[in-house]
Every structure is written in C-alpha cells, then in structure tokens.
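Novice: This is a predicted model, with the sequence first.
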Amino acid sequence: MNTTQWSVDKNVDKILKYPQIEQAAQLLREGKTVAFPTETVYGLGADATSDQAVQGIFEAKGRPSDNPLIVHISSKKQLHDIVEHVDNQAGKLIEQFWPGPLTLIFKKKEGVFSDLVTAGLDTVGIRMPDHPVALSIIEAAGKPIAAPSANRSGKPSPTSADHVYHDLHGRIAGIVDGGETGVGVESTVLDCTVTPPAILRPGGVSYEEIVECIGYAVIDPSVEEQIEKPRSPGMKYTHYAPTAPLFVTKGSDKWLQETIISFQQTGKKVGVMATVETISHLHADFLVACGSEEDLSTTAHSLYDSIRAFDNEAVDIILAQSVEPTGIGAAIMNRLVKAAGHKWLTENE
Ligand code: TXA
Ligand code: MG
C-alpha cells in the first residue's frame, strides 16, 4: 500500500482549511486508515461506523480482535448522538478534562459503531483529544474516528511521525506529521458505567485529579495484577516491549551501578534508562536519560522514544529505573512494568 505523508504545523491559524487536513479526512471518509498526532501519542484513525475501515486498523497493527478501540470525537455535543446516557459525574469530568487525555467508557447507542470497534461489548470508550490536528481531521471527516495508538501491536506507542513510519509505512494509507506529541503516554481509561468509576488504564489524567473532580474513583484490580479476565481487554497483552529484555529496577544508585557491572561481567552489553539525575552517576554500555525527577511529566513525554532507542543499539539487557507511582508516575510505572513483562530487580532481594 502506498502511504501518503503530510506535514502540518499544529500552531497555524484556521488549520481546518489546510489541504493536508482535507486530504487526510477524505481518505478516512473513503474507509482508509490514517495516522495523526494527538496530545498523548499518535493514533491510527479509521471511520468507527464502518466494519471494513475498522478492519483496516486491526490488520495494519496486527492487533488481536478482542481488544476494543477508543473512539475520538471533535466536539462534546457529538457524544450525545453515540452513547446512551451521560450522568452528572461524567458531565463534570467532561467539563474539566475534555479536550484532554481522559477516555470515558459509556453504554453505547446501538447501531452506531462497527461491532469491531467495541469487540462485541455493549460499552464504548470515547475521548476528545486536545490537539488541533486531531480535532480538525475528525471534524473534517464528519464521523467518529476509532484510533488506537499507531504502532505495530506489542511495540511502544509512537510519539513522533518517525515512529509511525518505522512501524506502519506501506501498511496504512496516510501519516500526518504534526511534530512530537506532548503528554507522551496514552489517555486514562475510566469506566463510568460502574459506581464508583473505575480506572482501567492509568494515563495522562491522574487518579488524584479525578478524585479531586468527582470525589471518588477506584483503580480496577486488573491494572495492578495479571488477572485472567481483565475488564479492559487490552490489559492482558504484551505491550510497549523493546527487542532486548527489560527489567524495572528499584534501589540506590550504588546498587544499580553494581548490578550493571555484574551483568557486564557475564559478557552482556547493558543499556540503562533513568532520569537525568540518576543517569549522570552511572556507567553502562548505553545510557538513556528519560526526563527529570523534578517533573515526571518530562519522563512521560520521553518514555516511548527512550524505550525505542534501545532497538537501535546492540544491548543484551535493559535496566529501567522505577519512578514514584503517584500522579503521572502511575502511568509511567504501568507502561514500564508491562514493557518489562513484570520482571523486576530490587535491592536487598
Ligand atoms: O491516548 C490514547 O488513548 C491513544 C490516542 C491515539 O488517543 N489511543 C489509545 O487507544 O491508546 P488504544 O486502542 O490503543 O487503547 C484502548 C484501551 C485498551 O486498553 C482497551 O482495552 C480499552 O482502552 N478499552 C477500549 N474500549 C473499552 C471498553 N468498551 N471497555 C473497556 N476497555 C476498553
Ligand atoms: Mg496501544
């Protein structure tokens, strides 16, 4: 498949009038797949109302068909045409966090979406992204747009058009390059069909911010555990994994340095990823500084690019230093632990 590429400056005025936007929207209306930036990660969009279009997403990504997709809209009022009921609590969350990195699960209206979008569930995840390129493409397409992250299934999500190109060129109809994404990890998925609302995936809006807005929320047990039947089907698959095995580490800088050396003594080339404060004390075969302890949103922003960087280096093992799991740190740790397939190295163990 020929992959058309466009570039658009997200800061221009009247972005909706740009020919790149109209051409990308035209492909979506024709039932094709187009990748575009959102504030979290790049999404691979297709018309959420068309079986054939949505099938294209699953094929391009190699995504298991029992993992439902998030539907993206360009205005709050669109929501009422596609879901059954928006209660006061959801209303408050929308008021505060949309457009933004919060996906809300609602009972879907029958007959709107392709069954492939929802993987046969009677609920659907909806979000309004906070990115002028995404919003204008969705508006110009005139349809709700299903859009998972635009990576091959199992790989880290793309935070630049280069990442998308690497994973999907030749497999999708178009890529709109709008520069690097901001947040760097995906949206928070919150199930509003249960009381109290349950976080199914930590992301760009923190647990603390949700509680501050509506007074309560729980973190679904599937987020922390590897349980048999998670409520968010995406939870059970390998995710975000680099080529070399990755371990999450927890311990002092001195212990981490000793751990690096002991792997090197067995002939292994060791890659390490940590905040700039920690990295500056370490020696290893390949070092990646990923954000700063002073502000973990910088770590989230660089997380996937950092994980991808190891695929270009001949390392045998990757050690990724854990961060404090509060605020955006909860999403960072969730992705790191998955990238590691739950493998930890801990001081004193
Ligand atoms: O930031 C994001 O959310 C990105 C950008 C592109 O918007 N999109 C994204 O989509 O991450 P995706 O499809 O890769 O993630 C969908 C997540 C999965 O964990 C899936 O299981 C869950 O949302 N999900 C979707 N619909 C659901 C539903 N009806 N019930 C429970 N979980 C659902
Ligand atoms: Mg994804």
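Specialist: Here it is on my side, so go on. Ligands and ions are numbered 1, 2, ... in the order given.
Novice: Quickly list what residue 71 is bridged to.
Specialist: residue 126, residue 146 (DSSP bridges).
Novice: List the contacts of it.
Specialist: 48, 82, 113, 117, 124, 125, 126, 127, 144, 145, 146, 147 (CB atoms under 8 Å, 6 or more residues apart in numbering). For the C-beta atoms, the positions are set from N, CA and C on the backbone; glycine is no exception.
Novice: surely residue 37 meets residue 7?
Specialist: No. Under the criterion of CB atoms under 8 Å, residue 37 makes no contact with residue 7, lying 10.8 Å away.
Novice: Now do the shared contacts for the two.
Specialist: 161, 176, 177, 178.
Novice: What parts of the stretch 1-150 of the chain come near ligand 1?
Specialist: Residues of the stretch 1-150 of the chain found near ligand 1 (CB under 6 Å from any ligand atom) are 38, 40-41, 43, 67-70, 101, 103, 105, 118, 121, 123-125, 129, 147-149.
Novice: quick revisit: residue 278: which of the contacts of residue 71 is nearest?
Specialist: Proximity of the contacts of residue 71 to residue 278 (CB to CB) peaks at residue 127, which lies at 33.4 Å.
Novice: which one among the contacts of residue 71 gets closest to residue 188?
Specialist: Using CB to CB, these come closest to residue 188 at residue 127, 9.4 Å.
Novice: tell me the contacts of that closest one?
Specialist: Residue 127 touches 70, 71, 72, 73, 98, 101, 102, 103, 104, 187, counting by CB under 8 Å, 6+ apart.
Novice: where along the stretch 101-250 of the chain do the strands fall?
Specialist: Assigned by DSSP state E, counting those that start in this stretch, the stretch 101-250 of the chain shows strands spanning 102-107, 123-127, 145-146, 174-177, 188-191, 198-201, 218-219, 246-250.
Novice: would you turn the contacts of residue 71 into TSV with pLDDT?
Specialist: Below are the contacts of residue 71 laid out as TSV (pLDDT from 0 to 100):
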residue	pLDDT
48	98
82	98
113	98
117	97
124	98
125	98
126	98
127	98
144	98
145	98
146	98
147	98
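Novice: List only those of these flagged as buried.
Specialist: Applying a neighbour-count criterion of 16 or more other CB atoms under 10 Å, the buried members of the contacts of residue 71 are 48, 82, 113, 117, 124, 125, 126, 127, 144, 145, 146, 147.
Novice: all helices for the protein, in order.
Specialist: 19-29, 51-61, 79-82, 88-97, 115-118, 132-141, 161-168, 207-214, 221-224, 253-265, 276-279, 296-309, 329-339 (DSSP state H).
Novice: winner for burial among these?
Specialist: Among the helices of the chain, helix 132-141 has the highest mean neighbour count (mean count of other CB atoms under 10 Å), at a mean of 24.
Novice: the inter-axis angle of that helix versus helix 19-29?
Specialist: 50 degrees (axes from the mean of the first three to the mean of the last three CA atoms, to 10 degrees).
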